[in-house]
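Asks: What would the 3D arrangement of this be:
(4 chains, ligands or ions: 2)
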Amino acid sequence: MAATAAKRQIPGTTLFDGDMAQKGYALNKMCFSFNHADNRAEFVRDEAAYCARYGLNAEQAEAIRSRDVLGLLAAGGNVYYLAKLAGILGLDVQDLGAAQTGMSKDAFKAMLLAHAKEN
Amino acid sequence: MAATAAKRQIPGTTLFDGDMAQKGYALNKMCFSFNHADNRAEFVRDEAAYCARYGLNAEQAEAIRSRDVLGLLAAGGNVYYLAKLAGILGLDVQDLGAAQTGMSKDAFKAMLLAHAKEN
Amino acid sequence: MAKIVGGMFVSHVPAIGGAIARNLQEDPYWKPFFDGFPPVHRWLEEVKPDVAVVFYNDHGLNFFLDKMPTFAVGAAPQYHNADEGWGIPTLPPYDGAPDLSWSLIEKLVDKEFDPVSCQEMLVDHAFTLPLKLFWPQEGTCPVRLVPVCINTVQHPLPKASRCYKLGEAVGEAIAEWDEDLRVVVIGTGGLSHQLDGERAGFINRDFDLAFMESLIHDPQWATQYSIEEIVEKTGTQGVELLNWLGARGALPPTVSKVHANYHIPISNTAAGLLVVGTGE
Amino acid sequence: MAKIVGGMFVSHVPAIGGAIARNLQEDPYWKPFFDGFPPVHRWLEEVKPDVAVVFYNDHGLNFFLDKMPTFAVGAAPQYHNADEGWGIPTLPPYDGAPDLSWSLIEKLVDKEFDPVSCQEMLVDHAFTLPLKLFWPQEGTCPVRLVPVCINTVQHPLPKASRCYKLGEAVGEAIAEWDEDLRVVVIGTGGLSHQLDGERAGFINRDFDLAFMESLIHDPQWATQYSIEEIVEKTGTQGVELLNWLGARGALPPTVSKVHANYHIPISNTAAGLLVVGTGE
Ligand SMILES: [Fe+3]
Ligand SMILES: [Fe+3]
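Replies: Numbers count the residues shown, from 1 in each chain, chains lettered A, B, ... in the order given. Ligands and ions are numbered 1, 2, ... in the order given. Have a look, this model is predicted:
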């Protein structure tokens, strides 16, 4: 049974609710650990071992391995914690945006700028 | 300025409010550490050094040294955390009660029993 | 739909853990306390709950003053007990009911409560010992759990009336939960006792008995009192009766008494036990 | 008696920390954003606040999902910033105002809010960067701080109307505080942006401008929307405008606009800035 009532559908958007939180706890806990430089270094040294230590499931570990941002979200990742992982990987939020929308980074940035011109 | 409004006076009783919490933070944090057996052992090995590491002030450190229960409370100790210290010292809650009321332990236990006979 | 079958209210004291570990149930000191439980065990075999929602207070195991919640609701798949520092045995983990937990949290937030959600949570003797008293069998506890933790440590404590309303909202959320579950609500702590200060050893038999009686026939009676008044009447730790009020709030107004026991003292505490049924 | 002199509302983005550290205020990308602040600095020199109450959201520095508060109020003597993992410089500690914090907490609990009290609390970029933008001078921040943290991470989030009421209760508590202090309230976060999902990059200029306008003339306007509606209109992180609503709730109904700026984009975010005065 889903923990939550029927949800409003917002295109391209998933609310991080109790269902997602249950799914993603291990992944988010790993990302929370990245507040510490030692932990970031250890992740870089051996990603797979670090993921295993936090008990990531196969879907989560594979999404990490393949740098699959939408896959990380689908596996219960919360963007507030995933952002710390992105920092390690040298990705900024526009890289993430491009990866998720299928745009080039330049196209993504142009899209952002275009919002300034609306109306 | 006191953090809190005029307080109801209850004889022999201090509510653990914001004023007390500010005063006792270091002491209570030290006692919270006693959830771990390693920390308890380290305290036993060198009480003064352990108190110093948690930044206890002179009043708190002296109350620890002299096993002064009312002094620990006056210095901001909260009984929920102090109870972990009592455990290390091998004191049960009737020892604490006796120490605070100035009774012998037997007299304190007799006083508790007498409540059963009220009315 | 989930149904609340009844409420169970009991004091908690660390020493109970030691007494259970050493099999002191027949010891003269402990016998008047443990003798309260066989009727509860028989009732539990009749009503067969699947889930228990436990209103309790943490004693500095899971929460410290750096992040002290007013109300916290567990939403973990499992809850672990751990060393609290006073040498009682650590009990085996408890299975959670996280979907139900999230449903409670959603409905509480919707009704303007501000709970802390806890996807990992250590549970202390206030949670584990009542469960062990109610389900004394070896091994893991046979019901799934939802912990609801109320601050009784750091003043300001939530008002008695607020705790009762919290319980009401929990009760409504359980009733709306679309799964065929039998739920028991549990409140632990109190009754009158005071561990700290020159008034240590304070006990108030009259108030305790009136309070236990009120939970059957006039459940909101104790909500007339401020926190300071409750401390004055029941002691600095007697205020843990807030957990009883929370659990009582989750029950319908009319309940029937199944069993009660009251014994002074265990440790420094007046030990109360009350079980009420809803007829479900 | 303490007086609220005004409210300051601003977006927060980690990259602002990097821009400050590298002195990019005049860089063409950053200039339209940083140019918003000199008028704010002049206003602060006029109103000279002693204390700032900051409504913000934590991004996984101080709080994790094991203990996720709906509302948390700092009550520490000092607040430390720390490494958040994305390489912006750590800023010096902030002085607290713990007596005022406790007074707020007492009054919130009395009014049936259920805050977490935090006697130790790391503060992240959502707290530190707005302060650095408002008080850019070297060294420590010249006002004492009371952090009020609102959950924008783990749904269910508190409703917009609840955040506004939280602010109202904070405002009343400040007004009742018996010390001659000048207080500014700050709300950080938003405006529209979405970092995650196929809709990443979503921005809603019309809504943002209407929201900023509403804070001056119709402050409860945004409380008509559910959390889902706010996410739909402003993005998954645009919902951080809850912090602006909390801060606005603490101000009197009538305020006057001191300064506003709106610029798209910094990072993926529509950056808003609004300062209003109470005339105190
Ligand atoms: Fe207790
Ligand atoms: Fe943010």
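
Asks: before we move on, what SS does C:Ile186 have?
Replies: strand (DSSP: H, G, I helix; E, B strand; the rest coil).

Asks: now the helices for chain A?
Replies: All helices of chain A, identified by DSSP state H, fall at A:18-32, A:37-45, A:47-53, A:58-65, A:69-74, A:79-89, A:93-101, A:105-116.

Asks: Leaving out chain neighbours, which residue sits closest to the closest residue to chain A within chain C?
Replies: Using Cβ to the nearest Cβ, the point where chain C gets nearest to chain A is C:Trp102, with a distance of 2.9 Å. Heads up, the C-betas are built off the backbone N, CA and C, glycines and all. Excluding the flanking residues, the one nearest C:Trp102 by Cβ to Cβ, 6 or more residues apart in numbering or on different chains is A:Gly18, at 2.9 Å.

Asks: and that neighbour, how many neighbours does it have?
Replies: Neighbours of A:Gly18 under the rule other Cβ atoms under 10 Å in any protein chain shown: 24.

Asks: show me the contacts for it.
Replies: A:3-4, C:75, C:98-99, C:101-103, C:105-106, C:117, D:155 (Cβ atoms under 8 Å, 6 or more residues apart in numbering or on different chains).

Asks: you'd agree C:Met8 is in a strand?
Replies: Yes - C:Met8 forms part of a strand when assessed by three-state DSSP.

Asks: Give me the phi and psi angles of C:Gly277.
Replies: As for C:Gly277, its main-chain torsions (degrees, to the nearest 10) stand at phi -110, psi 160.

Asks: Spit out the contact partners of the residue nearest to it when sequence neighbours are not counted.
Replies: Nearest residue to C:Gly277, sequence neighbours excluded (Cβ to Cβ, 6+ apart): C:Gly6, at 4.2 Å. With contacts defined as Cβ under 8 Å, 6+ apart, C:Gly6 is in contact with C:43, C:47, C:184-185, C:251, C:255, C:258, C:275-278, C:280.

Asks: before we move on, what about C:Ile230?
Replies: In this structure, C:Ile230 makes contact with C:160, C:222, C:238-239, C:241-242, judged by Cβ under 8 Å, 6+ apart.

Asks: quick one on the thing from earlier: wait, the residue of chain C closest to chain A sits on C:Ala76?
Replies: No - using Cβ atoms under 8 Å, C:Trp102 is not in contact with C:Ala76; the gap is 10.9 Å.

Asks: Who has more neighbours out of the two?
Replies: For the pair C:Trp102 and C:Ala76, the greater number of neighbours falls to C:Ala76 (27 against 24), based on other Cβ under 10 Å.

Asks: gap between the more buried one and chain B?
Replies: Taking Cβ to the nearest Cβ, to the nearest Å as the measure, C:Ala76 falls 19 Å from chain B.

Asks: Check A:Asp95 too.
Replies: When Cβ to the nearest Cβ is applied, the distance between A:Asp95 and chain B equals 41 Å.

Asks: That residue reaches A:Ala86, doesn't it?
Replies: Yes - the criterion here is Cβ under 8 Å, and A:Asp95 meets it with A:Ala86 at 7.4 Å.

Asks: The two - which one has more neighbours?
Replies: Using other Cβ under 10 Å as the criterion, A:Asp95 and A:Ala86 rank with A:Ala86 on top: 23 against 16.

Asks: Name all residues that make contact with the more buried one.
Replies: Here A:Ala86 is in contact with A:92-93, A:95-96, D:86 (criterion: Cβ under 8 Å, 6+ apart).

Asks: let's see it at 7 Å
Replies: Residues in contact with A:Ala86 (Cβ atoms under 7 Å, 6 or more residues apart in numbering or on different chains) are A:Leu96.

Asks: same thing with C:Phe33?
Replies: Applying Cβ under 7 Å, 6+ apart, the residues near C:Phe33 are C:263, C:266, C:271.

Asks: got it, and C:Gly7?
Replies: Under the criterion of Cβ under 7 Å, 6+ apart, the contact partners of C:Gly7 comprise C:184-185, C:247-248, C:251, C:255, C:276.

Asks: at 10 Å instead, please
Replies: When contacts are counted by Cβ atoms under 10 Å, 6 or more residues apart in numbering or on different chains, C:Gly7 touches C:53, C:55, C:167, C:171, C:184-187, C:215, C:219, C:244, C:247-252, C:255, C:258, C:274-278.

Asks: Only whichever of those residues are buried, select them in PyMOL.
Replies: Buried residues within the contacts of C:Gly7, as defined by 16 or more other Cβ atoms under 10 Å in any protein chain shown, are selected in PyMOL through the command that follows:
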select buried, chain C and resi 53+55+167+171+184+185+186+187+215+219+244+247+248+249+250+251+255+258+274+275+276+277+278
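
Asks: Near chain A, which residues of chain C are found?
Replies: Chain C has residues C:75-77, C:97-107, C:110, C:117, C:119-120, C:176-179 near chain A, with proximity defined as Cβ under 10 Å from any Cβ of the partner chain.

Asks: Which of those fall in strands?
Replies: Taking DSSP state E, the ones among the residues of chain C next to chain A that sit in strands are C:Ser117.

Asks: Would you mind listing which of the residues of chain C next to chain A are buried?
Replies: Among the residues of chain C next to chain A, the ones that count as buried by 16+ other Cβ under 10 Å are C:75-76, C:97-107, C:110, C:117, C:119-120, C:177.

Asks: For the helices of chain A, give me CSV that also has distance to C:Ile203.
Replies: Converted to CSV, those look like this (distance: least, Cβ to Cβ, whole Å):
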stretch, distance to C:Ile203
helix A:18-32, 42
helix A:37-45, 50
helix A:47-53, 50
helix A:58-65, 54
helix A:69-74, 56
helix A:79-89, 49
helix A:93-101, 61
helix A:105-116, 68
